[in-house]
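*Asks:* Coordinates only, no sequence provided:
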């Protein structure tokens, strides 16, 4: 039998499913299982990424989602502690890290 072992992001990045999905004659069943598997895979990837941020390990859609979570967390903390100005340096440092990723030094 055939099985689906992964999918590609819109950017073309390969994402391996946590569990392969068997392709059967009942299209509705395996499509539903594939959808569930994709969600579970992305949820686990996001959880893992939030624990260990690694630009080379995770697809960009997960990195973007993790960054949004961290941005909200950091902004809420800055507002709560009345230290909004301090977040600017942190964001500039992250931007520098992101924009220099993958660049080859001369």
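*Replies:* Alright, I've got the coordinates. Because the structure is predicted, anything quoted here is derived from the model rather than measured.
*Asks:* Mind naming the longest helix for the protein?
*Replies:* The helix that spans the most residues within the chain, counting by DSSP state H, is helix 27-51.
*Asks:* and it, what does it pack onto?
*Replies:* Contacts defined by 3 or more Cβ pairs under 8 Å, 6 or more residues apart in numbering; DSSP states H and E place helix 27-51 against strand 2-8, strand 14-23, helix 60-80. C-beta here means a position set from N, CA and C on the backbone, and glycine is covered the same way.
*Asks:* so what's the closest residue to residue 75 other than its chain neighbours up against?
*Replies:* Among residues not flanking residue 75 along the chain, residue 87 sits closest, at 6.4 Å (Cβ to Cβ, 6 or more residues apart in numbering). By Cβ atoms under 8 Å, 6 or more residues apart in numbering, the contact set of residue 87 is 74-75, 78.
*Asks:* can those go into CSV with extra columns for pLDDT, neighbour count and distance to residue 91?
*Replies:* Shown next, in CSV, are the contacts of residue 87 (pLDDT from 0 to 100; neighbours: other Cβ atoms under 10 Å; distance: Cβ to Cβ, whole Å):
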residue, pLDDT, neighbour count, distance to residue 91
74, 89, 15, 8
75, 89, 13, 9
78, 88, 16, 10
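*Asks:* Pick the one among those residues closest to residue 92.
*Replies:* residue 74 (12.8 Å; Cβ to Cβ).
*Asks:* Return the per-residue confidence for the closest residue to the closest one other than its chain neighbours.
*Replies:* Leaving aside its chain neighbours, residue 74 sits nearest to residue 87 (5.8 Å; criterion: Cβ to Cβ, 6+ apart). We have a pLDDT of 84 for residue 87.
*Asks:* in what helix or strand does residue 87 lie?
*Replies:* Residue 87 is located in helix 84-100, with elements delineated by DSSP states H and E.
*Asks:* what inclination does that helix have with respect to helix 60-80?
*Replies:* Interaxial angle, helix 84-100 versus helix 60-80 (axes from the mean of the first three to the mean of the last three Cα atoms, to 10 degrees): 160 degrees.
*Asks:* Right, I'll leave it there.
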